[in-house]
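J.: turn this into a structure:
(2 chains)
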Amino acid sequence: MDKTKKQEQTSTHKIGIYLWIWGLLFVLSFFSYMVDWYQFQGMLRWSLILFFMFLKAGLIMAFFMHLYWERYALVNVLLWPMTAIACFIFLMVAEFEYTVFTRFFYFVVGG
Amino acid sequence: MSDLKIEGYEFKPGFKGMAKDTGSDQTMFKGVHWGKAMMWIFLLSDTFIFSCFLISYMKGRGSTIIDWPNPSEVFGLHVFGVDVPLLLIAIMTFVLITSSGTMALAVKYGYEKNKKMCGWLILATAIGGLTFVGMQAFEWSKLIHEGVRPWENPFGAPQFGSFFFMITGFHGTHVSIGVIFLFIYAYKTFAGHYDEGKRGWFTSMKGDYVEIEILGLYWHFVDLVWVFIFAFFYLW
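T.: This next block holds a predicted model:
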């Protein structure tokens, strides 16, 4: 009996926190839609998009998927592999810049 | 992850607990339901799949010298005589977030063993997911009518269609599978399988409300992926 009691304590949280996160996600989505609505361009647009995106993703992972309350072993198992994805992104950025450079280059120089 | 089934095992929070977990014998996440650990591992692998899609989209879009179609025009809708940019996509986003919220509450009520609330909330989540898939089908047919194909489109760079169908199609498949499971789990909740501990037909796992949390993880992940698709494909 003791064990099940312990489980209930750690697994359920007050309903308020879910409603707060829910509301925040709505507001953030609305803001990111507004980025398109007002047709912000350039660095402002991209930084706003990324800011709202990471905030939303973080809220979903931390509270809806309970990562904030999880044991560190799991959090680390999940988040460290993301560095591999970050590396891959940097590699592919270099790759597409090179590709688009050669395309322009041979378009001007010809063959 | 706190269902302590192993005798004499005491979980420690923080980095001490992490050291104990990673240094423990036989199993790493002691006392964790295997289904939950495996769902996390699956979601990690799924993260890599979607990352590969989005990175290949980045590479394709970055390396073309033809102008990329303007998503806010391509996905705009003409309602009541006004052109509204990205309207359908915005509604889809809100529907998915709504269903994610109901799922989070379903998990909460599941742990409180509140069968009725849990079941209704899962059902609401399923309906939200179904609405999302329906709107996506509408969006796909609209674009196909306008002549968007995986190899060409009337708006600009031909790669647009292949990335669009691949990424949203893969995400839509995830949503559809989730909806099917949500309906099954709603039935199982109302039928009381998690209260009685009735064994499932597939893995003969003993029914427990932790299954709702596992399904919830999957559903939140689908929402999470949409956050990234919305940002990179529709807004960028």
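
J.: walk me through the domains of chain A.
T.: Split into domains by automatic domain parsing, chain A comes to A:2-70, A:80-111.

J.: so B:Ala90 sits in a strand?
T.: No: per DSSP: H, G, I helix; E, B strand; the rest coil, B:Ala90 lies outside any strand segment and is helix.

J.: ok, now which ones touch it?
T.: For B:Ala90, the contacting residues are A:29, A:33, by Cβ atoms under 8 Å, 6 or more residues apart in numbering or on different chains. No exception for glycine: its C-beta is placed from N, CA and C like everyone else's.

J.: if we can go back for a sec, return the most buried member of the domains of chain A.
T.: Mean neighbour count, computed with mean count of other Cβ atoms under 10 Å in any protein chain shown, is highest for domain A:2-70 among those, reaching a mean of 16.

J.: can you give me the helices for chain B?
T.: Counting by DSSP state H, residue ranges of the helices within chain B are B:14-22, B:34-63, B:71-74, B:87-111, B:115-145, B:159-190, B:193-196, B:210-229.

J.: mean pLDDT lowest for which of the domains of chain A?
T.: Comparing mean pLDDT across the domains of chain A, the weakest is domain A:2-70, with a mean of 84.

J.: starting at the chain centroid, how far to that domain?
T.: In this view, domain A:2-70 has its centroid 10 Å away from the chain centroid, taken as Cα atoms, centre = their mean, to the nearest Å.

J.: stretch B:206-215 too?
T.: Counting by Cα atoms, centre = their mean, stretch B:206-215 is centred 17 Å from the centre of its parent chain.

J.: endpoint to endpoint, it covers what distance?
T.: End-to-end distance for stretch B:206-215: 15 Å, by Cα to Cα, to the nearest Å.

J.: would you mark the buried spots in that stretch?
T.: Within stretch B:206-215, the residues that qualify as buried are B:207-215, counting by 16 or more other Cβ atoms under 10 Å in any protein chain shown.

J.: ok, B:Val133 touching B:Gly172?
T.: Yes: applying Cβ atoms under 8 Å as the test, B:Val133 and B:Gly172 come out as touching, 6.0 Å apart.

J.: show me what contacts A:Phe26?
T.: Counted by Cβ under 8 Å, 6+ apart, A:Phe26 has contacts B:94, B:97.

J.: so how far is stretch B:228-236 from its chain's centroid?
T.: 16 Å.

J.: how far does that stretch stretch from start to finish?
T.: 11 Å.

J.: and it, average pLDDT?
T.: 91.

J.: and that stretch, is it in reach of chain A?
T.: Yes: using Cβ under 8 Å from any Cβ of the partner chain, stretch B:228-236 reaches chain A at B:228, B:230-231, B:234-236.

J.: now, which of those sits nearest chain A?
T.: Of all the residues of stretch B:228-236 next to chain A, chain A sits closest to B:Ala231, with 3.9 Å by Cβ to the nearest Cβ.

J.: right, and the helix or strand after the strand or helix carrying A:Phe26?
T.: Assigned by DSSP states H and E, A:Phe26 belongs to helix A:15-37. For helix A:15-37, the following helix or strand on the C-terminal side (DSSP H and E) is helix A:42-59.

J.: what comes up buried for the next helix or strand after that next one?
T.: Downstream of helix A:42-59, the next assigned helix or strand under DSSP H and E is helix A:72-79. In terms of neighbour count (16+ other Cβ under 10 Å), helix A:72-79 has its buried residues at A:72-75, A:77-78.

J.: near chain B too, which of these?
T.: Counting by Cβ under 8 Å from any Cβ, A:72-74, A:77-78 from these sit close to chain B.

J.: ok, now which ones touch residue 65?
T.: Since you didn't name a chain, this refers to chain A. B:216-217, B:220-221, B:224.

J.: you looked at the wrong chain, it should be chain B
T.: Listed by Cβ under 8 Å, 6+ apart, the contact set of B:Ile65 reads A:100, A:103-104, A:107.

J.: go again using 7 Å as the cut-off
T.: A:100, A:103-104 (Cβ atoms under 7 Å, 6 or more residues apart in numbering or on different chains).

J.: and it, how far is that from A:Ala94?
T.: To A:Ala94, B:Ile65 is 18 Å away according to Cβ to Cβ, to the nearest Å.

J.: please apply the same query to B:Tyr185.
T.: 45 Å.

J.: now stretch B:28-39: average pLDDT?
T.: Stretch B:28-39 comes out with an average pLDDT of 86.

J.: give the buried residues for it.
T.: So for stretch B:28-39, counting by 16+ other Cβ under 10 Å, buried means B:29-33, B:35-37, B:39.

J.: how about stretch B:86-106?
T.: The neighbour-count criterion (16+ other Cβ under 10 Å) identifies B:86-90, B:92-106 as the buried residues of stretch B:86-106.

J.: what does stretch B:44-52 give?
T.: For stretch B:44-52, the neighbour count (16+ other Cβ under 10 Å) marks B:46-47, B:50-51 as buried.

J.: from those residues, which is closest to chain A?
T.: Nearest to chain A among the buried residues of stretch B:44-52 is B:Ser51, at 4.7 Å by Cβ to the nearest Cβ.
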